[in-house]
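# Dropping the sequence and predicted coords here.
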Amino acid sequence: APGATIRSHWRMPEIQRPLHAAFLAVYLFALVAVGAMKAGKIKTQEDFSLAGRGLPGYVLVGTLLATWIGTGSIFGNAEKGYGLGAPALLIPLGSIVGMLLIIAIAGRIRRFGQFTIQDILEARFGPAARVLATVALVGAYLVIVSYQYRAGASALTSIFGMEPVLATSLIAAFVIAYTALAGMFSVAYTDVANGVMMIIGIFFAIALLWGNVGGYEGAVAALPEGSREIGDHWTWPVLLGATLPAFLLIVGDANVYQRFFSAKDIGSAKRAALGMLVGVVVLETAIILLTILATGMVAQGGMSAPENPGFIVILAAFEWLPEVAGTLCS
């Protein structure tokens, strides 16, 4: 019956992973506490949108990395890595080339002193360009935000046994409310902590998987032919098709430009762009390496295959890694 179907989506969750649940509760409480403290600093639109244009370089690096290395990297690159194996290590090339361009223009972005990328386009090309950019960005971010919500919901589902509809709704409500609490102040400083946890979790997971799968060589040896060498699978058109979307996204990402507008000064913006390049190279490569190791573990029979290839990293965090390491990685 329709009523029974609706009720099944909203049944009360049961905690299936208590340690993960406790870590998540502490983490969310800390986020809300930081946001509440920063909310008192909001006096103007510049404060809300750009943190008063006062973010130092180290905070910019953290928030830029947390902005870029998110669900697209952890789920999208993981899915590619699970399907391709070693050739997936070339996928970050699009992000790297895009970051080199961003480094070249980071100072000019901060000097421009606007609020959004649409402001830049309107100043250069007129109101029509602003309207077209807004339409394009709204369309793009509907997709981006939707898979971010689904990614967060997948974690809640695994931890609490929660129905996807309820999990997605809770994630959406929290993200919207938290962002509205103090805008860029809510996000930027907590992104530094997010970045640190992400780095620790990913490299801890790599270290643990490395010994159990026989290192990189042991992992790729267990993969099928055509997945063992970095140059396998790729032709120039195929490589361009795989890397161009990331290049275009990072060059036109409104979140990236907003962070540079928030920089304390031009020097901070330039240093943050360079720091982001290093971070993107290291973390995107590390995520794909982690995926290859986990895929090798699956091929060796040491871990069950994921129903969704994009969840291979999450599966490793929940099902194979020790709980403490798994909470950081997930």
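Ah, there it is. Residues are numbered from 1 along each chain as shown.
# And the helices in the stretch 201-330 of the chain?
215-221, 236-252, 254-261, 266-299, 312-315, 323-329 (DSSP state H, counting those that start in this stretch).
# ditto for the stretch 51-200 of the chain
Using DSSP H, counting those that start in this stretch, helices in the stretch 51-200 of the chain cover 57-68, 71, 78-84, 93-112, 117-125, 127-160, 164-182, 184-213.
# Might you calculate how far the third one sits from the centre of the chain?
So that's helix 78-84. Here the centre of helix 78-84 is set off from its chain's centre by 16 Å, with C-alpha atoms, centre = their mean, to the nearest Å.
# same deal with the shortest one?
In terms of C-alpha atoms, centre = their mean, the centre of helix 71 is found 4 Å from the chain centre.
# What helices and strands are in contact with that helix?
helix 127-160 (3 or more C-beta pairs under 8 Å, 6 or more residues apart in numbering; DSSP states H and E). The C-beta positions use only the backbone N, C-alpha and C, and glycine is treated the same way.
# The helix it packs on to helix 254-261, inter-axis angle?
Relative orientation of helix 127-160 and helix 254-261, computed by axes from the mean of the first three to the mean of the last three C-alpha atoms, to 10 degrees: 110 degrees.
# circling back to that earlier point, with respect to residue 196, which of the helices of the stretch 201-330 of the chain lies nearest?
Taking C-beta to C-beta, helix 323-329 is the member of the helices of the stretch 201-330 of the chain nearest to residue 196, at 9.8 Å.
# Could you pull up the mean pLDDT of that closest one?
Helix 323-329 comes out with an average pLDDT of 61.
# Please apply the same query to stretch 236-248.
In this model, stretch 236-248 has a mean pLDDT of 90.
# List the buried residues for that stretch?
239, 242-243, 246-247 (16 or more other C-beta atoms under 10 Å).
# ok, now stretch 89-100?
Within stretch 89-100, the residues that count as buried by 16+ other C-beta under 10 Å are 89-99.
# which residues touch that stretch?
Contact partners of stretch 89-100, identified using C-beta atoms under 8 Å, 6 or more residues apart in numbering, comprise 68, 77, 80-81, 230, 234, 239, 242-251, 273, 276-277, 280-281, 284-285, 288-289, 292.
# just the buried members of these?
Buried subset of the contacts of stretch 89-100 (neighbour count, 16+ other C-beta under 10 Å): 68, 77, 80-81, 234, 239, 242-243, 246-247, 249-251, 273, 276-277, 280, 284-285, 288-289, 292.
# And the residue most central in space within the chain, how close does it get to residue 194?
The centroid of the chain falls nearest to residue 70 when counting by C-alpha atoms, centre = their mean (0.3 Å). Going from residue 70 to residue 194 by C-beta to C-beta, to the nearest Å gives 9 Å.
# what does residue 82 give?
24 Å.
# which of the buried residues of stretch 89-100 lies closest to residue 216?
Within the buried residues of stretch 89-100, proximity to residue 216 (C-beta to C-beta) peaks at residue 89, which comes in at 10.1 Å.
# got a list of what residue 284 touches?
By C-beta under 8 Å, 6+ apart, the contact list for residue 284 reads 69, 73, 77, 91-92, 95.
# Taking those together, which two end up most distant?
The span of those, defined through C-beta to C-beta, is set by 69 and 91 at 13.2 Å.
# between the helices of the stretch 51-200 of the chain, which gets nearest to residue 318?
Proximity to residue 318 (C-beta to C-beta) singles out helix 127-160 among the helices of the stretch 51-200 of the chain, at 5.5 Å.
# Which strands or helices does that closest one pack on?
Applying 3+ C-beta pairs under 8 Å, 6+ apart, one finds that helix 127-160 contacts helix 18-39, helix 71, helix 117-125, helix 164-182, helix 312-315.
# Pull out the buried residues from it.
Buried residues in helix 127-160, counted by 16+ other C-beta under 10 Å: 130, 133-134, 137, 144, 148-160.
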